[in-house]
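Asker: sequence and predicted structure are below.
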Amino acid sequence: MSSARPSSTLGRILRSASFRLTLFYAALFIASAGALFATVYITATAAMQTDMAAVLRSEAYQLAEVHSRIGLTGLAQQITRRINFRTRGPIFYLLQAPSGRVVVGNLPGMPPVNGVVDFVPKADTPAPEADSEGAKLTGFGLTLSDGSFLLVAQDAARLTDMQHAIVRAFAWAGGLTLLLAIAGGAVLANSFLRRIDAITRTSRAIMEGDLSARIPVRGTQDEIDQLIASLNAMLGRIQQLMDGLRQVSSDIAHDLRTPLGRLRQRLEDAREHATTTAEYQAATEAALVLEEIGRNLTPSPFLATTVAATRAIDGTAHGERWYPGVIAGEAVLALAVDEGVRHAPEQTALEAKRQGNGFVLNGSKQFVVQGASADMIVTAARTSGSPGEREGITLFAIPRDARGFEVENVALVDSSKAARLSFAGVEVDADAVIGDVDQGWQRLSRALWAGRAGAAAELVGLASGASAMTLDYLRQRNQFGRLIGEFQALQHRAAHLYSEIEIARAAALKAAALLDADDERAELYVSVAKAKCADVANLAVREGVQMHGGIGMTDEHDIGLFMKREAVLGELFGDAYYHRERVAELSGY
């Protein structure tokens, strides 16, 4: 443990931005110094080479002057003295007669070359002196007036030593600079990491619910301290806003909490203690599951299958056939009712004509939720009477592999799927009839009531999900120097939306409870719930988009998903206008 922690700390330092920035600037400095070194290296080498050539040239011409005055013999004597006493420093000489014979010198003989020449003396050439053997020399050659050849040379090791000295100096300076940069970067990175750790600890404390946590300030008054001071001020305003929102929510919910709590507890008890099929349906129709489905926008066949279609086949052989698969989650059922652009079940026109021991179905259905994935479709067809009459409607259980039965899967605005069904001479036997022939309206109505109550509960969950997302945005979005959730106008709208959602929830739960109790008022309260919940969900998504501002109008933000789902769910099993009219009719208007 003790060895792992320093290693982890070192790894964090090496990965930190401040350490990498320090290394970058160190590398940039070393690169600049390298360019300067190259310039100095080239310039110094050229200067020394020029100086060496000038010295050798001057020496050669001085000796040529001696030759012109006292001849070859006198020049040889002069060179001998210079070699013996090294009056000119480490300079090598070669004097050759016109025949190529070495007259005097401490260099081996060589072919005459005039001007500056770099060479390495040949070891196999005899010479009066041997101290130049194997060394790289730079010389200046000159042919004298009598045809003899004079060469004055100097060891190039001085130039090489100078070059090596420059390289060593740069290497030491670069290495020391790099080490200092690494050490400085590590110290700087460690300092920054400590401050980042302090910010991280504060952030975690706030995420865990401690809104009073603040980032410590060092008091250095640098830019980091200024940033931390601004963040602490922002956290203070957020804490004030959250305290205000809690108070508003508490005040609004005070009068609704107790009755809704009692009703919700009753529904929870029904779900937990259900033992029979009827009790199981009652528990699922209590809308608790559907509310969560709506809140999370869960793409599930729960509403169409478990809530609506199962009510249509309750108490029949079809129920015994399909209930086990539905309860196990292995079977999907659908309910095919609508044939026009609006919900109007009494306008059923799909013809079911008797033929032998069965029926032949011709016509079409649309907006059949889960129609393409259903194993069986509960289909309303007309066996007698005319469209608009409630009598003469019969329910049929149509398997998806029936001959002459075609399904066109259609994507809705919320990306969910509904199907258009085409019946072209679909033959079914009498066992496909659900209930009694011509008496399917009451059974269909019970299925539609359950579906409408379930849709209302899902709309409540949808409104709650959109509202929660909007409130989160109000707590985060900053405008005009403050959180927008602090503006009273938005607080009023949020409070109003909260109240409407709670009223809609009460309506949905009341409708579900009356359905469970088989109360005669159930149809009225179901329409009340569907109309109210559709209106409230529409209000929630519109408020959500408006309070999100520009980002709420884009597909990139999830608030738009709630709006699209509301557009579909609001129409399912009848829109708000349909159910307002039903409430008026059922109330005697």
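Answerer: Great, that's in hand.

Asker: helices of the stretch 201-350 of the chain, start to end?
Answerer: For the stretch 201-350 of the chain, applying DSSP state H, counting those that start in this stretch gives helices covering 223-272, 277-284, 288-296, 302, 310-312, 317-327.

Asker: and those, which one's lowest on average pLDDT?
Answerer: Note on these: helix 277-284 shows the lowest mean pLDDT, a mean of 46.

Asker: count of neighbours near Asp431?
Answerer: By other CB atoms under 10 Å, 11 other residues sit near Asp431. In this view, the C-beta of every residue, glycine as well, is placed from N, C-alpha and C.

Asker: how about low-confidence regions in this protein?
Answerer: In the predicted model, the chain carries pLDDT under 70 at residues 1-20, 86-89, 123-135, 185, 189, 244-287.

Asker: so Leu94, which state does it fall into?
Answerer: Assigned with DSSP: H, G, I helix; E, B strand; the rest coil, Leu94 falls in the strand class.

Asker: ok, now Ala419?
Answerer: When classified by three-state DSSP, Ala419 comes out as strand.

Asker: need the nearest residue in space to it, chain neighbours excluded.
Answerer: Gly371 (2.8 Å; CB to CB, 6 or more residues apart in numbering).

Asker: tell me how far that neighbour lies from Trp449.
Answerer: Using CB to CB, to the nearest Å, we find Gly371 at a distance of 21 Å from Trp449.

Asker: please apply the same query to Val428.
Answerer: Relative to Trp449, Val428 is positioned 26 Å away (CB to CB).

Asker: and if you look at Ala567?
Answerer: Ala567 is 23 Å from Trp449, where distance means CB to CB.

Asker: Glu408 now?
Answerer: Taking CB to CB as the measure, Glu408 falls 28 Å from Trp449.

Asker: between those two, who's got more neighbours?
Answerer: Trp449 (23 against 13).

Asker: which residues does that one contact?
Answerer: Taking CB atoms under 8 Å, 6 or more residues apart in numbering, we find Trp449 in contact with 311, 515, 522-523, 526.

Asker: rerun that using 10 Å as the cut-off
Answerer: Neighbour list for Trp449: 285, 308, 311, 511, 514-515, 522-523, 525-527, 530, 573 [criterion: CB atoms under 10 Å, 6 or more residues apart in numbering].

Asker: mind checking which of these are in helices?
Answerer: Residues from the contacts of Trp449 lying in helices, with DSSP state H as the criterion: 311, 511, 514-515, 522-523, 525-527, 530.

Asker: so what does the biggest helix by length in the chain touch, helix or strand wise?
Answerer: Taking DSSP H as the criterion, the chain has its longest helix at helix 17-85. Packed against helix 17-85 by the contact rule (3 or more CB pairs under 10 Å, 6 or more residues apart in numbering; DSSP states H and E) you find helix 4-15, strand 91-96, strand 102-105, strand 115-119, strand 137-143, strand 149-155, helix 157-207.

Asker: nearest to Gly325, of the ones you listed?
Answerer: Nearest to Gly325 among these is helix 157-207; the distance by CB to CB comes to 43.8 Å.

Asker: what angle do helix 17-85 and the closest one make with each other?
Answerer: Relative orientation of helix 157-207 versus helix 17-85 (axes from the mean of the first three to the mean of the last three CA atoms, to 10 degrees): 170 degrees.

Asker: packing partners for helix 157-207?
Answerer: Applying 3+ CB pairs under 10 Å, 6+ apart, we find helix 157-207 packed against helix 4-15, helix 17-85, strand 137-143, helix 223-272.

Asker: buried ones in the shortest one, by neighbour count?
Answerer: Buried residues in strand 137-143, counting neighbours by 16 or more other CB atoms under 10 Å, are found at 137-142.

Asker: can you redo those as CSV with distance to Ile215?
Answerer: Listed next are the buried residues of strand 137-143 as CSV, based on distance: CB to CB, whole Å:
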residue, distance to Ile215
Leu137, 73
Thr138, 70
Gly139, 76
Phe140, 76
Gly141, 80
Leu142, 83
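
Asker: which of those sits closest to Ala402?
Answerer: Proximity of these to Ala402 (CB to CB) peaks at Thr138, which lies at 106.7 Å.

Asker: show the contacting residues for that closest one.
Answerer: Contacts for Thr138 were tallied using CB under 10 Å, 6+ apart; they are 49, 52-53, 55-56, 116-119, 152-156, 158-159.

Asker: and with 8 Å instead?
Answerer: Listed by CB under 8 Å, 6+ apart, the contact partners of Thr138 are 49, 52-53, 56, 116-118, 153-154, 156, 159.

Asker: drop anything exposed from those residues.
Answerer: 52-53, 56, 153-154, 156, 159.

Asker: save those residues as a markdown table, and put in distance to Glu502 too.
Answerer: What follows is these, written out as a markdown table (distance: CB to CB, whole Å):
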| residue | distance to Glu502 |
| --- | --- |
| Met52 | 100 |
| Ala53 | 102 |
| Leu56 | 106 |
| Ala153 | 107 |
| Gln154 | 104 |
| Ala156 | 98 |
| Leu159 | 95 |
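
Asker: which one of these sits closest to Glu458?
Answerer: For the buried ones among the contacts of Thr138, the nearest to Glu458 is Leu159 (91.5 Å; CB to CB).

Asker: that closest one touches Met48, doesn't it?
Answerer: Yes. In terms of CB atoms under 8 Å, Leu159 counts as a neighbour of Met48; the distance is 5.1 Å.

Asker: confirm that His492 sits in a strand.
Answerer: No. Applying three-state DSSP, one finds His492 to be helix, outside a strand.

Asker: how far away is it from Glu339?
Answerer: 44 Å.

Asker: which one of those two is surrounded by more residues?
Answerer: More crowded of His492 and Glu339, by other CB under 10 Å: Glu339, with 19 against 11.

Asker: what is the nearest of the buried residues of strand 137-143 to Gly358?
Answerer: If you rank those by distance to Gly358 using CB to CB, Thr138 comes first, at 118.2 Å.

Asker: Leu178: neighbour count?
Answerer: The number of residues packed near Leu178 is 15, by other CB under 10 Å.

Asker: right, and it touches Ile30 too?
Answerer: Yes. Counting by CB under 8 Å, Leu178 touches Ile30, with 6.7 Å between them.

Asker: quick check: beta-bridge partners of Ala424?
Answerer: On the basis of DSSP bridges, Ala424 is bridged to Asn362.

Asker: for it, give me its contacts.
Answerer: The contact partners of Ala424, taken as CB under 8 Å, 6+ apart, are 362, 404-406.

Asker: can you pick the most crowded of those?
Answerer: Phe405 (20 neighbours).

Asker: ok now stretch 98-111, how far from the chain's centre?
Answerer: 84 Å (CA atoms, centre = their mean, to the nearest Å).

Asker: report the buried residues of it.
Answerer: Residues 102-110 are the ones in stretch 98-111 that count as buried (16+ other CB under 10 Å).

Asker: in three-state terms, label Val113 for me.
Answerer: Secondary structure assignment for Val113 (three-state DSSP): coil.

Asker: which residues touch the residue lying closest to it once chain neighbours are set aside?
Answerer: Spatial nearest neighbour of Val113, chain neighbours left out: Gly141 (4.6 Å); criterion: CB to CB, 6+ apart. By CB under 8 Å, 6+ apart, the residues touching Gly141 are 60, 112-115, 117, 149-151.

Asker: which of those residues count as buried?
Answerer: Buried members of the contacts of Gly141, scored by 16+ other CB under 10 Å, are 60, 112, 149-151.
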